[in-house]
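S.K.: Just the structure for this:
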Amino acid sequence: MDKIKVGIIGCGSIAKHRHLPEYAGNEQVEIIAVCDIVEERAIEMARQYNAKSYSNFEELLANPDITAVSVCTPNYLHAPISIAALNAGKHVLCEKPMATSREEAEKMIAAAGKNNKKLMIAHNQRFVPSHQKAKQLIENGEVGKIYSFRTAFGHGGPEGWSADGKETWFFRKKEAFIGAMGDLGVHKTDLLRYILGEEIVEVGAFVETSAKENADVDDTAVCILKTESGIIGTLAASWSYVSKEDNSTIIYGEKGILRLEDDPVHSLIAQYKNGEVVKYELGGIQTNEEGKQTESQVIKHFVNSILNDVEPLVTGEEGMKSLQVILAALESNESKRIVKL
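M.R.: As a prediction, this is how the structure comes out:
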């Protein structure tokens with residue numbers, strides 16, 4: 001069987017630490033092209049993965065051998081490059097947040113449909129074992145009716161991770177469009193929608209830039225969310241957690257409490273009303289901490305969706321629904337009102 005030939009557009013940290021090594025480790029894939037406007041970066045990755053380097057994404061997309069691409073660019077380029085790639089007949093795996101507006105997201109979805117190509121958004125939190133297990137426990141009714149939740153995603157900021165350090169595009173509104181809310185918060189809106197199996201219908205938020213002097217985007221945000229059945233909870237997204245990363249979610253139900261990624265050893269702890277406690281060791285969540293890199297499963301899932309011609313778990317529509325919650329949070333902060341979706 002022929003291998004899927006892929007190209008990676010954008011050779012920054014997410015490509016370097018996630019997409020490239022995970023494609024390279026997949027026996028059904030061959031990396032044949034990489035692209036970055038910083039030419040040395042593309043050349044270095046091309047050398048490492050025995051691929052052709054480009055500094056112009058349109059030239060890469062004109063290569064007829066490429067079946068699929070990963071879009072790993074700054075946020076403002078996600079939609080235009082994804083749409084160009086879909087129109088060039090390539091399947092697309094796009095980093096999150098998928099776009100900077102609902103209109104852009106809709107155009108991406110339309111391009112995927114028109115060209116009959118897969119569009120997947122790289123929301124890796126759905127593939128974390130503890131999150132999948134929690135979804136199962138909730139679906140099975142083991143936690144009973146869900147009342148509330150709190151979820152957080154915070155660390156010291158992208159400068160420790162980004163290829164450009166303190167000069168990173170993450171801090172520039174023109175390129176990032178949104179700060180910690182887009183970088184981290186959108187992962188959690190996607191996770192909550194997935195685990196609870198419900199849409200979020202109302203959003204209230206406070207969004208600040210308090211920690212990063214060189215940023216013109218948010219670095220600390222707290223949202224209150226309400227789902228269609230009336231489950232309420234909070235979401236915090238922050239680049240101001242200077243010590244340990246927090247990536248935890250707690251679900252409060254009538255029969256028990258689920259603590260996800262809240263304990264260093266047990267990735268899921270179920271505490272039941274009757275006093276019973278069940279601790280699961282399911283393997284860690286993906287992290288960018290040195291030496292703790294784990295496979296995100298995103299690449300494998302994307303490749304399988306192409307090979308088996310099935311819809312990926314995180315379609316463009318799913319990505320858009322998760323993005324809309326974030327856009328509503330920004331609107332709520334501006335208007336100082338609760339925003340209905």
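S.K.: mind giving me the domain ranges of the chain?
M.R.: Annotated domains of the chain cover 4-124+298-313, 127-290+321-340 [automatic domain parsing].
S.K.: can you tell me which residues contact the most centrally placed residue in the chain?
M.R.: In the chain, the centroid-proximal residue (CA atoms, centre = their mean) is residue 123; its distance is 3.3 Å. With contact taken as CB atoms under 8 Å, 6 or more residues apart in numbering, residue 123 is in contact with 96, 186-187, 190-191, 298, 314, 318-319, 322. Yep, even glycine has a C-beta here, placed from its N, CA and C like the rest.
S.K.: In space, what's closest to it - neighbours in sequence excluded?
M.R.: In this structure, residue 123 finds its nearest non-sequential neighbour in residue 190, 4.3 Å apart by CB to CB, 6 or more residues apart in numbering.
S.K.: Is that neighbour in a helix, a strand, or coil?
M.R.: On the three-state scheme (DSSP: H, G, I helix; E, B strand; the rest coil), residue 190 is labelled helix.
S.K.: Next, the contact list for it, please.
M.R.: Neighbouring residues of residue 190 by CB under 8 Å, 6+ apart: 96, 123, 125-126, 314, 318-319, 322.
S.K.: can you put these in TSV and add distance to residue 245, pLDDT and secondary structure?
M.R.: Listed next are the contacts of residue 190 as TSV, based on distance: CB to CB, whole Å; pLDDT from 0 to 100; DSSP: H, G, I helix; E, B strand; the rest coil:
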residue	distance to residue 245	pLDDT	secondary structure
96	17	97	coil
123	18	97	coil
125	14	96	helix
126	19	97	helix
314	22	98	coil
318	25	98	helix
319	23	98	helix
322	21	98	helix
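S.K.: What is the nearest of those to residue 152?
M.R.: residue 125 (12.4 Å; CB to CB).
S.K.: Over to the residue lying closest to residue 233 once chain neighbours are set aside: give its phi and psi.
M.R.: Leaving aside its chain neighbours, residue 233 sits nearest to residue 149 (3.5 Å; criterion: CB to CB, 6+ apart). Dihedral pair for residue 149: phi -160, psi 160, per degrees, to the nearest 10.
S.K.: Was I right to think residue 149 contacts residue 251?
M.R.: Yes - the pair residue 149 / residue 251 is scored as a contact, 5.0 Å apart, by CB atoms under 8 Å.
S.K.: Find residues that contact each of these two.
M.R.: With contacts taken as CB under 8 Å, 6+ apart, the residues that reach both residue 149 and residue 251 are residue 196.
S.K.: These two: which is more packed in?
M.R.: Neighbour count, other CB atoms under 10 Å: between residue 149 and residue 251, residue 251 has more, with 26 against 23.
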